[in-house]
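Participant: below are the sequence and a predicted model; questions follow.
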Amino acid sequence: MDTDLSDLSLMQLSDSFFPTGFYTMSNGLETLFDEKRITDADDIESFISSLITNQLGPADCVALSNTYDFASSGDIEKVISADRALYSMKLIKEIRDATCRSGSQMLKCIKVLVSDNKILNQYFDAVKNSETPATHPIVTALSCNIFGIEKKRAMLLMLHGFSTSMVGASLRLGLIDHLQSQKIIHTLKPLVKKTVEDNITKKLNEMWQFTPESDVIQILHEQKFSKMFIT
Amino acid sequence: MKTRIPRIGIGGPVGCGKSMLIERVVPILAKKNYRVSIISNDVISKEDADRMRKNLATSQGLLPENLVIGLATGGCPHTAVREDPSINLSVIEQLEDEHKDLDLIIIESGGDNITTTFSPALADYFIYIIDVSGGDKYPRKRGLGIETSDLLAINKIDLAPLVDADLQIMERDSKIVRKNKPFVFVNCKTDEGVDVVAQHIIHDVLFDQPPKNLVKEAQ
């Protein structure tokens, strides 16, 4: 009997029902909406594409990929160094806090599902002792590794989750309808696939990100009085 | 050792008086030396949190300003306290790490519909609040909040004559729908009934334990 449950685990982790708090985040989209700089589906797709190409791909995906390998070799020190490196690249406080809140809560959930994994227990203790920040991509890497989800799929999962949460935020802001939402997710598939392929072999010291305009937008979001989203 | 601070969830429709109830209950608890933190989940702004911070912390000094925390919920108020309370839990864990002397954490849900419930992982005790302006049919129409909350508060009773709401009907139906669970009529403008809510909190949630800081001083 085939006992491989990795496909089901992939579905579980990528389901919006999985508790990560992603529905509270817009990554600056709310500010762009308020300033009427994003008004339609094309604008939304363009904004998500920019963040994937210049932020999540070269930074989060690379951190995830390397962490996945570090977890395979049981190297907790390197997992922690990847976590800290990625945290240091999150320039905006709202974004830093959000990725750590999602990551730490995801970790707690995984810990309920899996109790006897050495590297998970080591990482959990390190987070508990404030030795490492628990960014979401690092926790995703560990979780997928533990569940036997292959690395490439783990990266796809993360980018798909990001795209879906951004499209969900757009829908709730009233920018698009349910059909346009699915079309954007569908249209983004080639970019998501290419981003994974471009970054899956990069080393940790090759991480970069460059989204100055988005950074400023996200800073402006921090200063907003009235907002629906945490980021 | 990890400190688990008792938590109350307060939910109810938009404009029913959730924040107002907190603003009236906290002074009663503070007078008895209980230390409280408030997490206010708001649908669209941090206005409620800002107002509570100004009134309870800045003006009255009943708690530090940084213990009134506003949280945005991405337009999903019920998700934030039920299906995926992870962001609230993350804030609570931080409070439990940094403020071990707290006696109570109050979590206010964003305004929602009558099916609101709190995740048991988030709140130990659930107060659901409605007001009479929706008519005296409200309790009879049921809904998880009205039926299953630990305490039902019916606010703005002074408005009942103005909207033709019969409080006797609401009382009768509340008894039927909630069976033996308590409910209380309140008027948060005049504090009527608010002390009853505070007593329920002290008895049902804090188990009549004295405030932590008083216990510490006695030691």
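Facilitator: Yep, that arrived.
Participant: which residues of chain B score low on pLDDT?
Facilitator: Residues of chain B meeting the criterion pLDDT under 70: B:1.
Participant: show me where it has helices.
Facilitator: B:18-31, B:47-52, B:77-81, B:86-98, B:144-148, B:167-178, B:194-200, B:212-218 (DSSP state H).
Participant: these: which one's closest to B:V184?
Facilitator: helix B:194-200 (4.8 Å; Cβ to Cβ). The C-beta positions use only the backbone N, C-alpha and C, and glycine is treated the same way.
Participant: follow-up on the earlier one: compare the helices of chain B and give me the one nearest A:T211.
Facilitator: When the helices of chain B are compared (using Cβ to Cβ), the closest one is helix B:86-98, at 23.5 Å.
Participant: CA-only coordinates of the closest one in PDB, if you can.
Facilitator: Output in PDB follows, covering the C-alpha atoms of helix B:86-98 (Å, rounded to 0.1, in the frame of the first residue of the first chain):
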ATOM      1  CA  SER B  86      -3.200  33.100  14.400                       C
ATOM      2  CA  ILE B  87      -2.600  36.900  14.400                       C
ATOM      3  CA  ASN B  88      -4.500  37.400  17.600                       C
ATOM      4  CA  LEU B  89      -2.700  34.500  19.200                       C
ATOM      5  CA  SER B  90       0.600  35.900  18.100                       C
ATOM      6  CA  VAL B  91      -0.200  39.200  19.900                       C
ATOM      7  CA  ILE B  92      -1.400  37.400  23.000                       C
ATOM      8  CA  GLU B  93       1.700  35.300  23.200                       C
ATOM      9  CA  GLN B  94       3.800  38.500  23.100                       C
ATOM     10  CA  LEU B  95       1.700  39.900  25.900                       C
ATOM     11  CA  GLU B  96       2.100  36.800  27.900                       C
ATOM     12  CA  ASP B  97       5.800  36.900  27.500                       C
ATOM     13  CA  GLU B  98       6.200  40.600  28.300                       C
END
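Participant: buried residues in that helix?
Facilitator: B:S86, B:I87, B:N88, B:L89, B:S90, B:V91, B:I92, B:L95, B:E96 (16 or more other Cβ atoms under 10 Å in any protein chain shown).
Participant: right, is that helix up against chain A?
Facilitator: Yes. Shown here: helix B:86-98 in contact with chain A (Cβ under 8 Å from any Cβ of the partner chain) through B:S86, B:I87, B:L89, B:S90, B:V91, B:E93.
Participant: circling back to that earlier point, could the helices of chain B go into TSV alongside distance to B:D158?
Facilitator: Listed next are the helices of chain B as TSV, based on distance: least, Cβ to Cβ, whole Å:
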stretch	distance to B:D158
helix B:18-31	13
helix B:47-52	21
helix B:77-81	27
helix B:86-98	33
helix B:144-148	21
helix B:167-178	11
helix B:194-200	13
helix B:212-218	36
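Participant: now do the contacts for B:K189.
Facilitator: Contacts for B:K189 (Cβ atoms under 8 Å, 6 or more residues apart in numbering or on different chains) come out as B:M20, B:K156, B:D158.
Participant: with B:G145 instead?
Facilitator: Contacts of B:G145 (Cβ under 8 Å, 6+ apart): B:G11, B:G12, B:I114, B:T115, B:T116, B:T117, B:F126, B:Y128, B:I130, B:L152.
Participant: tell me where chain A has helices.
Facilitator: Going by DSSP H, chain A shows helices at A:6-14, A:29-34, A:41-51, A:62-72, A:76-89, A:93-113, A:118-128, A:136-147, A:151-172, A:178-199, A:212-222.
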